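**Student:** Just the structure for this:
(2 chains)
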Amino acid sequence: MLIIAILATSLVMTVTAASLAWRPWVGWATAASSAVVLGLGIWLSVTTLSHPQWALHHSLRADSLSAFMVVVIGAVSLLATAFTSRTLHQELTSGVTSRRYARHYVVLTQVFITCMLVAVLTANLGILWVSIEATTIATTFLVSHRRTDGAFEASWKYVILCSVGIALAFLGTVLVYYAQLHVAGGDHHASLDWTTVMSVAYHLDPNVTRVAFALLVVGYGTKVGLVPMHSWLPDAHSQSPAPVSALMSGVLLSVAFYGLLRFRAVAVAALGPAFPRALLLVVGILSLLLATVMLIAQRDLKRMLAYSSIEHMGLLAIGAAVGTPLAIAAVLLHILGHGITKAVLFLTAGEISHVEGTTEISKVTALLSRQPALGGIFGVGLLSLVALPPFSLFVSELTMARAEVTAGLWWAVAISLVCLGVIFAALARHARQMLLGAPVGPSAPALSASLTSVLVGALVACAALGLMSWPLQSLLLHAAHGVAP
Amino acid sequence: MSSAYVGTLQLAAGAVLLSAVMTLWRRSVRSIVSMLSLQGMALAVVAIDLSLHEHEHALFVTGVLVFVVKGLVVPALLRRVSRLDPRSRESRPLVNVPASLVFAAALIVLSYVVGTRITTLASSEAIGLAPLGLATVLVGYFMLVTRRRAVSKIVGLILVDNGIALMTFLLTSGVPLIVELGASLDVLLVVVVLQFLMVSMRHHSDTDQLTEMKALHD
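**Tutor:** Numbers count the residues shown, from 1 in each chain, chains lettered A, B, ... in the order given. Prediction:
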């Protein structure tokens, strides 16, 4: 019932937004619908602790992992949709967009959120693929929303690369199905249903599964933003409106990662842990190294945040490579912490670019004295992003490192620590440039009190999650056990 | 009966790969689109032939769907784009045509080498033909990487997708219908999206510069 309620909320909001012309209250209504999804997601998490939920003749299924992802989607989309009215108002007054495109924007954002919810709530690995691919179509138009040359190029690149990448994931999914059709000695009903796949996963042909998993890592890895198919990510994130960047970076990447987590469980059952681990370690470490290099000399604020997303996705891949329940629980906490922090930072960056008229790091100075609220939130957000205590990213990175050492991957920990150190120094330098210095020029009007409190609230939530992860601990471990038995 | 089934299957699967290679050879958009249309129809023949042999009704529906979407609708959309954009003819590929054909031959050999790892799992006429699908995928990738024009990139994407569809039919006799429906719909939507982007970019500025994807970088 809860599953249906979650999807219905999102769907009803989509239809409502589609049938009405743009008005500011539609933007607030989408925020309310995201809040309802978040609330229902938390309720669903509580119920799935005892047993998985099913709906619609077993075509929808929610275990703790799905429920947790619903919470992440709800939290990040609440932040992003809270800024819908403001962003569109700014764009309408400055003539960047028209009322017609404002309506498109709201509808597509809702379609995007609904597709992500379907992706995590479906019981079928094929439908998971279909809904992740559908997010590509919805977000392409959101990336090109501003209709500038840069936006068109970014969305063209995005749709070409992601369609090719995700096609590989489809081939991988098909090969898993094929391996299932030929499970030794079984007159067995093959399907892409998660529980059915897992029940025969131990008997899947290793050769076919190996090829399938490699295709899935590259395929879903494209959407996650992992090397070697990452190059769409900085462009798409820097050209989209701020709330769209927040949604893409905060949840879309991790929803694709959720797909990888599911298939990793299948691959580990069929192949043993060595092959999935090696593959995920390679893409994870390469992504981390690439992000580190690109962050050092980064000149653009939004691209800086985008490369930081590649960094964090790399960390997730390394964590998933370890694959123990503790590591997966840390990965999940990291997904939540990164989603909220990155959403706050992208929304703040959108505000900074609106106030300053540029996203070039060297042209922004003295934010703290000119725009204390905005600069303060941005500064604290960066502290959370580089995983300083008390924020939850500190806890999750520490736990991942602990799990990696326990698994004997101390060298991966060493590489990660060096990269994180360099990234810390690079971000600190960029932050000093933007936040400190003598104020020059007049100050434009700042954020409204209510939106400021939304952002502050999100950062406080991150800190609270880091200080006392007890409300989540049992859920995280329960969810991790679902894909790391 | 059985030999007719095998013959048709081999002919149609071969036609899928052949038309992929032909798209590398031809330069005018009109003939490339005709090749794609032929490929879509050959793909539909594979699905329908398999469905008759294995008595799978869902696969028959899929075959009809593939015929309509990949054989008729997608080529029609592409034809419209090429009429809108007179400069869509591929004038300066990164790798010239004869060299492309040699590469294609190498890719076909490669896909047989790799493909046998997968096809040893079970022996049937259909599964033995699966490397043809893999070769089509690789030719599609090659096209995406080495051709500059926007239309050529879309063609490359469709080749990749058709190759994957061919492998799906040959290896599994079709995945569950709902997944197949979703996948076909997605392809159609991606083509519509790309077409829309091309048209709106044309109203805005030089399409070619944007689709070469060089303005945004670090």
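**Student:** May I have the secondary structure class of A:T97?
**Tutor:** coil (DSSP: H, G, I helix; E, B strand; the rest coil).
**Student:** ok, it touching A:L88?
**Tutor:** Yes: between A:T97 and A:L88 there is a contact at 7.0 Å, judged by CB atoms under 8 Å. (C-beta placed from N, C-alpha, C; glycine too.)
**Student:** so where's chain B uncertain?
**Tutor:** Residue ranges of chain B with pLDDT under 70: B:1, B:85-91, B:204-215.
**Student:** buried ones in the longest helix anywhere in it?
**Tutor:** Criterion DSSP state H: the longest helix present in chain B is helix B:177-204. Buried positions in helix B:177-204, judged by neighbour count with 16 or more other CB atoms under 10 Å in any protein chain shown: B:179-180, B:182-191, B:193-195, B:197-198, B:201-202.
**Student:** Now do that helix: which elements does it pack against?
**Tutor:** Judged by 3 or more CB pairs under 8 Å, 6 or more residues apart in numbering or on different chains; DSSP states H and E, helix B:177-204 is in contact with helix A:125-143, helix A:149-181, helix B:57-66, helix B:74-84, helix B:150-172, helix B:207-211.
**Student:** can you list those helices in CSV and add distance to B:T120 and mean neighbour count?
**Tutor:** CSV is the format used below for those (distance: least, CB to CB, whole Å; neighbours: other CB atoms under 10 Å in any protein chain shown):
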stretch, distance to B:T120, mean neighbour count
helix A:125-143, 24, 24
helix A:149-181, 12, 24
helix B:57-66, 24, 19
helix B:74-84, 34, 17
helix B:150-172, 12, 26
helix B:207-211, 41, 20
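**Student:** thinking A:M434 is in contact with A:L301, fair?
**Tutor:** Yes: with contact defined as CB under 8 Å, A:M434 reaches A:L301; the gap is 7.4 Å.
**Student:** which neighbours do those two share?
**Tutor:** A:I352, A:I361, A:V364 (CB atoms under 8 Å, 6 or more residues apart in numbering or on different chains).
**Student:** Show me which of these is closest to chain B.
**Tutor:** For those, the minimum distance to chain B (CB to the nearest CB) is 12.4 Å, reached by A:I361.
**Student:** List the contacts of that closest one.
**Tutor:** A:Q298, A:R299, A:D300, A:L301, A:M304, A:H430, A:Q433, A:M434.
**Student:** switch to 10 Å and redo it
**Tutor:** A:Q298, A:R299, A:D300, A:L301, A:R303, A:M304, A:R429, A:H430, A:A431, A:Q433, A:M434 (CB atoms under 10 Å, 6 or more residues apart in numbering or on different chains).
**Student:** just A:P241 next, same as before
**Tutor:** With CB under 10 Å, 6+ apart, A:P241 has these contacts: A:80, A:83-84, A:87-88, A:90-91, A:96-97, A:105, A:109, A:142-143, A:145-146, A:151, A:247, A:346, A:350.
**Student:** Same list, these, but only the ones touching chain B.
**Tutor:** Checking the contacts of A:P241 against chain B by CB under 10 Å from any CB of the partner chain, the ones in range are A:A151.
**Student:** returning to that earlier point: can you tell me which of the shared contacts of A:M434 and A:L301 are in helices?
**Tutor:** A:I352.
**Student:** Reformat the shared contacts of A:M434 and A:L301 as TSV; add pLDDT.
**Tutor:** Output for those, formatted as TSV (pLDDT from 0 to 100):
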residue	pLDDT
A:I352	92
A:I361	91
A:V364	89
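**Student:** Pick the one among the shared contacts of A:M434 and A:L301 closest to A:L168.
**Tutor:** Distance to A:L168 across the shared contacts of A:M434 and A:L301 (CB to CB) is lowest for A:I361, with 35.2 Å.
**Student:** low-scoring pLDDT stretches of chain A, where are they?
**Tutor:** In chain A (pLDDT under 70), the answer is A:184-188, A:441-445, A:470.
**Student:** Where do the strands of it begin and end?
**Tutor:** Using DSSP state E, the strands of chain A run over residues A:53-55, A:60-62.
**Student:** List of residues touching the first one?
**Tutor:** Applying CB under 10 Å, 6+ apart, the contact partners of strand A:53-55 are A:1-7, A:44, A:47, A:60-63, A:66-67, A:121, A:123, A:195.
**Student:** Parallel or antiparallel, which strands does that strand pair with?
**Tutor:** strand A:60-62 (antiparallel) (DSSP bridges).
**Student:** Give me the residues contacting the partner strand.
**Tutor:** In contact with strand A:60-62 (CB under 10 Å, 6+ apart) are residues A:2-4, A:6-7, A:41, A:44-45, A:47-48, A:52-55, A:66, A:68-70, A:118, A:120-124, A:127, A:193-195.
**Student:** Repeat that for stretch A:88-105.
**Tutor:** A:17-24, A:26-27, A:83-85, A:87, A:106, A:108, A:141-142, A:145-148, A:241-244, A:350-351, A:354.
**Student:** can you tell me which residue is nearest the centre of chain A?
**Tutor:** In chain A, the residue lying closest to the centroid (CA atoms, centre = their mean) is A:V251, at 2.6 Å.
**Student:** how close does the residue nearest to A:H189 when sequence neighbours are not counted get to A:I352?
**Tutor:** Distance criterion CB to CB, 6 or more residues apart in numbering or on different chains; nearest residue to A:H189, sequence neighbours excluded, is A:T196 at 7.5 Å. Distance of A:T196 to A:I352, computed by CB to CB, to the nearest Å: 49 Å.
**Student:** Look up how far A:L467 lies from the closest residue to chain B within the stretch 301-450 of chain A.
**Tutor:** Using CB to the nearest CB, the single residue of the stretch 301-450 of chain A nearest to chain B is A:R303, 6.6 Å away. Distance of A:R303 to A:L467, given as CB to CB: 32 Å.
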